[in-house]
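Peer 1: I'd like to go over a predicted model; first the sequence, then the structure.
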There are 2 protein chains.
Amino acid sequence: MKPVRRIVLLGSTGSIGVNTLKVVEDHPEEFQVAGLAAQSNVERLAEQARAFRPKAVAIRDSSRAGRLQELLAGAGVQPKILVGDEGVEELAGMEGVEAVVVAITGAAALQPTLAAIAKGRTIGLANKETLVMAGELVMRQVEERRARLLPIDSEHSAIFQCLQGHSSEDLKRILLTTSGGPLKEVPLEEFGRLPKEKIMDHPRWKMGPKITVDSATMMNKALEVIEAHWLFRLPVDQVEVLVHPEAIVHSMVEFLDGSIIAQMGVTDMRLPIQYALTYPRRLPSSLPALDLVALKRLTFEAPDRRKFPCLNLGAEAARQGGTAPAALNAANEGCVTAFLEDGLPFVRIPSVIERVLSRHRPIPHPSLREILEADAWAREQVLTSIGVRPSGVRPQRV
Amino acid sequence: MKPVRRIVLLGSTGSIGVNTLKVVEDHPEEFQVAGLAAQSNVERLAEQARAFRPKAVAIRDSSRAGRLQELLAGAGVQPKILVGDEGVEELAGMEGVEAVVVAITGAAALQPTLAAIAKGRTIGLANKETLVMAGELVMRQVEERRARLLPIDSEHSAIFQCLQGHSSEDLKRILLTTSGGPLKEVPLEEFGRLPKEKIMDHPRWKMGPKITVDSATMMNKALEVIEAHWLFRLPVDQVEVLVHPEAIVHSMVEFLDGSIIAQMGVTDMRLPIQYALTYPRRLPSSLPALDLVALKRLTFEAPDRRKFPCLNLGAEAARQGGTAPAALNAANEGCVTAFLEDGLPFVRIPSVIERVLSRHRPIPHPSLREILEADAWAREQVLTSIGVRPSGVRPQRV
């Protein structure tokens, strides 16, 4: 009998969270859900609690706690209810758990992730911002607490899989693939008059709105480059972006001798989620096999850095180091929120981020407080740059 | 200081042999050539001996031994000279050596390989026939003598690289790639009137004549399927052949969960040779990096089993097991020799092999003697099938 792996899932009602629960459902003999946390979707959280019977649930938006309690009572389950940021952090550090899946979007994931690291857990990290904001700090704490950080997004999981059995000293380059995003075929000249629906319609992956906008600006890829740089301890200039529209090759690594190892699969998040939960072994999955004969071809292109200046902004922030990536990330979150709430045109996102970054004085080897200050500062700078404070655009608490 | 790896190279004057010496030349601080063996090309062997100063050389064709002695004296080097099959075997088991590279073509590699296994060496195996003929026996002896068998041909090296860090229990399928050979685009109807030059002109790899013909019939791939089946301990029906004309993906593995790991690189034998010699680490190579953007696309097709019946013959022989693959291999060697000496038309190769295989009564778990008997029997059967014994077609001693 293999031991059941008890899992805490942070961000259970989002896209990665729902897919994580599908993996658990596929292998009821392997996994048990000990805790679930969500931002505000209490309806789905209560449903999940009924289906998976966790010992505790956390709701970040404290105004929804009462409704959650009602729904849980109605569903006939009585998990411990935790509330607010403190509640999510408490759940992340919950005892009697082997793995914590961090499927929270944005900067909000940082502190719960640090709470799980402090307990030495295996962490399945689907959140990019944690390492982008605080890569140095997080990796140091992972080492000190002997925690294990396993990537869950498809690209970093691919890189992680490709590196298995090889020495990271022999690694020359990472080739991080991207489908090119929803605007790959749209000329730069048309960016100014794009309807929001076009931007929000990603051709390959169905994701939350924040990641979908990041995919359109390719900031998503810029953040992944910074993440890979920390996770695999490689200078940012050795992490290259390669456009691969079919999104079958999830990423590649190149070794000293020129040999390239690539990971491929169907485009389904359940694959990298499951690998993080079963690592270093694998389990069968219910997904269809990849049929390369039916696919016929895999194509590759260089990214268009003129159309997608966020790629260069990301690399520049990583080269500056210190608090610069945190400022970049916060500026981006601020811009995306403003765009989603119609407070900022899509084309202006890169220039606002660039302006914030150019004003930032990076603090080297920052503490968590310095990182959070850089984050708050950059969000304020976005609002200043936009000129007015549009209704609904609030600096997020982190 | 890393210890220099002393190498014996069997088949030094052929294509793999020459490339192995290029790898040694690229890394003079890493490798030292202790022994060189060739079939009959004494001129090149003497040149190599002058350049690499081995302690011993072996010449299989005893009629060339005198000439070799003259040439070596002229070159001012005095390695020990070994002669004939016994000489090659003695060199394979030479003391004070860490690795033996087996770059001999055909069935002649089997006994020297067993001699190196008996000494518990690390063996870089570029020869397909060894495992095709005697896979069960060879793998058992590798285990008993704690030898290490590292594949050198590009496909098996790729599979070996892809499996690193993963459990072979989690392996679902091997996807063995092939460029499709020189006749991929030639319709079956034209096979009967193909000029020999067309068959001998492989689009991707420059190789010896035997392997080039095998590439045209795709028997090469059938033999590789059998080899992979032994090397990676997978049923032959879990080794699939995938046509990939660009020959960039050298092979792939698919795991239980549907994840595929692929190995890619420029098409140069120095890559797999070097990996076998530096395994599990890697060294820089002087080869140009693979440029996927310049390549633009990688394409995949199913093989045409009607045009290339050798693929099915290989799988059928592996399913029969016992001495059947040895008979298949010998029948193929007999046919290729006859074709090269204009004693057998190209189109008749598969049907002659099929006839020989259909008459064979496989002996399960065969001894070396039984394998060699099946080999000799199959070669005789080819001559009988061809009807006449054309001048120059002699059964090879193995």
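Peer 2: That came through fine. Residues are numbered from 1 along each chain as shown, chains lettered A, B, ... in the order given.
Peer 1: so where's the stretch 251-398 of chain A shaky on pLDDT?
Peer 2: Per-residue confidence for the stretch 251-398 of chain A (pLDDT under 70) gives these ranges: A:388-398.
Peer 1: near chain B, which residues of it are found?
Peer 2: Within the stretch 251-398 of chain A, the positions near chain B by C-beta under 8 Å from any C-beta of the partner chain are A:252, A:254-266, A:271, A:274-275, A:278, A:280-285, A:287-290, A:292-293, A:295-302. Any C-beta I mention is one placed from the backbone N, CA and C, and that applies to glycine too.
Peer 1: so which of the residues you listed belong to strands?
Peer 2: Counting by DSSP state E, these place A:252, A:254, A:255, A:260, A:261, A:262, A:263, A:264, A:297, A:298, A:299 in strands.
Peer 1: you'd agree the third one is up against residue A:169?
Peer 2: What it means is residue A:255. No. In this structure, residue A:255 is not within contact of residue A:169 by C-beta atoms under 8 Å, at 9.9 Å.
Peer 1: neighbour count for those two, which is higher?
Peer 2: Applying other C-beta atoms under 10 Å in any protein chain shown to residue A:255 and residue A:169 shows that residue A:255 carries more neighbours, namely 26 against 9.
Peer 1: and the more buried one, what does it touch?
Peer 2: A:166, A:170, A:171, A:172, A:261, B:282 (C-beta atoms under 8 Å, 6 or more residues apart in numbering or on different chains).
Peer 1: nearest to residue A:153, of these?
Peer 2: residue A:261 (18.2 Å; C-beta to C-beta).
Peer 1: residues in a beta bridge with that closest one, which ones?
Peer 2: Legend: beta-bridge partners of residue A:261 under DSSP bridges are residue A:253, residue B:263.
Peer 1: what about it, neighbour count?
Peer 2: 27.
Peer 1: what's the separation between it and residue A:174?
Peer 2: Look at residue A:261 and residue A:174: by C-beta to C-beta, to the nearest Å, they are 11 Å apart.
Peer 1: what touches both of the two?
Peer 2: A:252, A:253.
Peer 1: now residue A:216: closest residue in space, sequence neighbours ignored.
Peer 2: In space, residue A:216 comes closest to residue A:199 once its chain neighbours are excluded; the distance is 4.6 Å by C-beta to C-beta, 6 or more residues apart in numbering or on different chains.
Peer 1: enumerate every residue touching the one you found.
Peer 2: Per C-beta under 8 Å, 6+ apart, neighbours of residue A:199: A:182, A:183, A:212, A:213, A:216, A:346.
Peer 1: still on that earlier bit, now the buried members of the residues of the stretch 251-398 of chain A next to chain B.
Peer 2: A:252, A:254-266, A:271, A:274-275, A:278, A:282-283, A:285, A:287, A:290, A:292, A:298-301 (16 or more other C-beta atoms under 10 Å in any protein chain shown).
Peer 1: just the pLDDT for the spatially closest residue to residue A:93 that is not a sequence neighbour.
Peer 2: Spatially, and ignoring its direct neighbours in sequence, residue A:93 is nearest to residue A:115 (4.3 Å; C-beta to C-beta, 6+ apart). Looking at residue A:115, its pLDDT stands at 97.
Peer 1: tell me which element the closest residue in space to residue A:235 that isn't next to it in sequence is part of?
Peer 2: Among residues not flanking residue A:235 along the chain, residue A:229 sits closest, at 6.9 Å (C-beta to C-beta, 6+ apart). Per DSSP states H and E: residue A:229 is located in helix A:219-231.
Peer 1: quick check: next helix or strand after that helix?
Peer 2: Scanning forward in sequence from helix A:219-231 by DSSP H and E, the next helix or strand is strand A:239-243.
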